[in-house]
Structures are given as C-alpha cells and as structure tokens.
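> turn this into a model:
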Amino acid sequence: MTKLFFLISLILLLITFTSQSEKQKPPTAAHTELTNYGFPIGLLPSSVKNYTFNQASGEFSVDLGGPCKITLPPDNYLATYSKRVSGKIVEGRIAELDGIRVWAFFKWWSITGISSSGDNLVFEVGMITAKYPSKNFDESPQYSHVFPFPSLKGGLRIAN
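Numbering: from 1, shown residues only. You can find the predicted model right below:
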C-alpha cells in the first residue's frame, strides 16, 4: 500500500512539474533555425532539449527529451515524434527526415520530407504528398510525453 501511495505521489508530482515548466517555454534555437530556412516553428514541439546542426551539410538532429505525441492541424492527424528527429535542411526543403510518423488510413506512416513555398508546406510520405497552409504551423503544437513504466502497459501519458 505504501508503494502504491508513493507511485501515485510521484506521478502527481511529475504531472505538476511537467505542465508548469513546459507551457512557458519560449522558442528554442532549433525553432529559430527552422525560420532561417523558410519553415514555421510549429514543425517542432516545444519540448526541444538540444539540437545539433552542420551548416556545411545541412544535417541536423533534434533531441526532444523523449518521444511525444501531437495533433497536426488542420485535419487533426495524430503524429508521434521519436526522442530524436534528424534530417537534412536547405532553403525551403527538409529531406531524409527520420523520427516523425503520422496516423492516417489506419496505419502509421513516416514523414520523409517537407517542402516550403512560403504560403504552403508539402509533407512527403514516401511517394504521397499532402499540402497544408504554413500558417497552421505558426505555433509549436501541444504535446504529450510517453513515459515508459515497466509495470504499466503502454507507458504513462502526461498531457501538457
């Protein structure tokens, strides 16, 4: 019984700490880097902990601190971000994207690239593309982290 009380107290503490600290974060340097290449900051959740960027090759890696789930506007597709998102970025194009998946047509699909024309973003899922207004991504989306607890099937989701 004491262990259960301790676990519940720990979970409540995590929820309180996470919800207070994550909501007030300003855009990170990784978000600013997106805008330097013609992309809105809303392509990344606000949970960015660290990132690396090679300006010569355009290769980047973003550490989110853990996997997270978001809802993509405007069609409310569920998307998951891995703990680490990587790819290559040049003006108006992100290629070789790894770490973002979207749920559509009863299946998880990897987003492999994103192009920007200023007014629109084109998401690439293999050979299939989908175009959305860039303004839908002007703000970093709300997300929920998935914390793995061995005794809880599927982990514990903490929404922000």
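
> identify the residues contacting the residue nearest to Pro74 when sequence neighbours are not counted.
Distance criterion Cβ to Cβ, 6 or more residues apart in numbering; nearest residue to Pro74, sequence neighbours excluded, is Asn136 at 5.3 Å. Quick note: C-beta positions are derived from backbone N, CA and C, even for glycine. Asn136 is in contact with Gly42, Pro73, Pro74, counting by Cβ atoms under 8 Å, 6 or more residues apart in numbering.

> wait, the first one touches Lys135, no?
Spelled out, that is Gly42. No: look at Gly42 against Lys135 with Cβ atoms under 8 Å: they stay out of range, at 9.3 Å.

> neighbour-wise, which of those two wins?
Gly42 (22 against 14; other Cβ atoms under 10 Å).

> A helix includes that one, no?
Yes: Gly42 sits within a helix when classified using DSSP: H, G, I helix; E, B strand; the rest coil.

> tell me the contacts of it?
Asn136, Phe137, Asp138, Glu139, Ser140, Pro141.

> roughly how far apart are it and Gln55?
23 Å (Cβ to Cβ, to the nearest Å).

> who touches the longest strand along the chain?
Scanning the chain for the strand with the most residues, using DSSP state E, yields strand 77-90. The contact list for strand 77-90 (Cβ under 8 Å, 6+ apart) reads 33-34, 37, 39, 44-45, 57-72, 94-104, 108, 111, 113, 143.

> can you tell me the SS state at Ser31?
Quick fix: residue 31 is His, not Ser. Once three-state DSSP is applied, His31 turns out helix.

> that one reaches Ser140, doesn't it?
Yes: using Cβ under 8 Å, His31 is in contact with Ser140, at 6.8 Å.

> overlap in contacts of these two?
Contacts common to His31 and Ser140, judged by Cβ under 8 Å, 6+ apart, are Ile41, Leu44.

> quick one, what contacts Trp103?
Tyr77, Leu78, Ala79, Trp109.

> distance of the second one from Gly92?
For Leu78, the distance to Gly92 under the criterion Cβ to Cβ works out to 27 Å.

> okay then, goodbye and thanks.
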